[in-house]
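Coordinates for the following, if possible.
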Amino acid sequence: MIVNSNGGFTLIEVLVTFLITSVGLLGLAALQINVMNDQFEAMQRAQITAMVDDMAAKIRMNPQAAEAGIYTQDLIEGASGYYGALALQPECSTVTAVSRDLCDWNRTIAGAARMSEGQNLASPLGARGCIESGNASGSGETVIRVSIAWQGMTNSIAPSASCGSGQYGSENLRRAVYRDVAVR
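Numbering: from 1, shown residues only. Prediction:
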């Protein structure tokens, strides 16, 4: 009797191949999840950067109000205060000057696109805007910090900006973008 040594794969060989393929596919799935989280955070950072730059430009265009401290605010997503109530109106055209700038900015932070149930569709997670009056520089300029903080998806290094500090559980989940605006 002649035994054919090339009779095909054994069951153990098939199971080992299946195990190796499964581990590889699980690694690809984990990589895909990380890429999606990173892409989402990058999209939020780009959105926030545009919001901060927009408010910084509005402050630069109204230096008298900025020096008087009228812009200094702490605006929270869905805020119920004066500017928060304005942000829930269909538009901010009923107010003027600084109030309009703050109303528009709060609406942008809160996400202008909302469903009737109040779900936020366009704003980063837990976004909070802050405008803090800084110190006067030696050249007579007033420095104002415009910043927005929001909650990230994964742990990272805690930002140096104070906006939203203590609001998102771990400081390693807090993200912040800021611009220092000098006005005279």
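
how much space between residue 64 and residue 98?
Plainly put, residue 64 is 10 Å away from residue 98 if you go by C-beta to C-beta, to the nearest Å. Where C-beta positions appear, they are placed from N, C-alpha and C, glycine not excepted.

and the two? which has more neighbours close in?
Between residue 64 and residue 98, residue 98 has the larger neighbour count (other C-beta atoms under 10 Å), namely 18 against 9.

confidence score at the more buried one?
On the pLDDT scale, residue 98 is placed at 85.

Let me see the contact set for it.
The neighbours of residue 98, taking C-beta atoms under 8 Å, 6 or more residues apart in numbering as the test, are 62, 65, 70, 71.

Check what pLDDT residue 147 gets.
Looking at residue 147, its pLDDT is 92.

Could you find the closest non-adjacent residue to it?
Leaving out its chain neighbours, the residue that sits closest to residue 147 by C-beta to C-beta, 6 or more residues apart in numbering is residue 178, at 3.4 Å.

Residue 12: neighbour count?
The local packing of residue 12 (other C-beta under 10 Å) involves 8 other residues.

all helices in the chain, in order from the N-terminus.
Assigned by DSSP state H, the helices in the chain fall at 11-60, 63-67, 82-87, 97-110.

which of those helices is buried the deepest?
Sort the helices of the chain by mean neighbour count, taking mean count of other C-beta atoms under 10 Å, and helix 97-110 sits at the top with a mean of 21.

ok, back up a step: wait, which of the helices of the chain is closest to residue 140?
Closest to residue 140 of the helices of the chain is helix 63-67 (C-beta to C-beta; 9.8 Å).

hmm, who's touching that closest one?
59, 60, 71, 97, 98, 142, 144, 181, 183, 184.

low-confidence ranges in the chain?
Applying pLDDT under 70 to the chain flags residues 1-8, 73-91, 93, 112-123, 136-137.
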